[in-house]
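**Student:** Kindly generate the corresponding structure for this input.
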Amino acid sequence: MKTVEVKFGIGDIVCPVHQAEKGNANRAEIRGITIHEDGTKTYYADDGNWHYEENLVSEAEAFNLAASFHEEQARMLRECADEKAKIVYPK
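**Tutor:** Numbering: from 1, shown residues only. Below you'll find the model as predicted:
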């Protein structure tokens, strides 16, 4: 029998990386794994979708990516607020 390395196992909680990078840690549990002839791996999740391995991150990674996104959004909002305050309350 041939051994194949996979990034995630059955029961692991994962999140799509593109959603996490936009601040959404949409969690899903791995229910199935398919290894294709070309070596690509797809994971079936309880969200009803198949995901390519490279498009998934662990729950912890997703939380960090989402937090970074929201921290950057907060920074930009503070900058906008500071600029508006300068207009409203000039020195």
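**Student:** which strands and helices sit next to the helix or strand of the chain at the bottom of the mean pLDDT ranking?
**Tutor:** Sorting the helices and strands of the chain by mean pLDDT, DSSP states H and E puts helix 59-88 at the bottom, at a mean of 93. Counting contacts by 3 or more CB pairs under 8 Å, 6 or more residues apart in numbering; DSSP states H and E, helix 59-88 is packed against strand 13-16, helix 17-20. Glycine gets a C-beta too; all of them are placed from N, C-alpha and C.
**Student:** Show me which strand runs longest in this structure.
**Tutor:** In the chain, with assignment by DSSP state E, the single longest strand is strand 28-35.
**Student:** tilt between it and helix 59-88?
**Tutor:** Using axes from the mean of the first three to the mean of the last three CA atoms, to 10 degrees, the inter-axis angle of strand 28-35 relative to helix 59-88 is 130 degrees.
**Student:** my guess is His18 meets Asn55, correct?
**Tutor:** Yes - between His18 and Asn55 there is a contact at 6.9 Å, judged by CB atoms under 8 Å.
**Student:** Compare these two and say which one has the larger neighbour count.
**Tutor:** Counting neighbours by other CB atoms under 10 Å for His18 and for Asn55 shows that Asn55 has the greater number, 14 against 11.
**Student:** Could you report the pLDDT at that one?
**Tutor:** Note on Asn55: pLDDT of 97.
**Student:** Might you report the residue contacts of it?
**Tutor:** Pro16, Val17, His18 (CB atoms under 8 Å, 6 or more residues apart in numbering).
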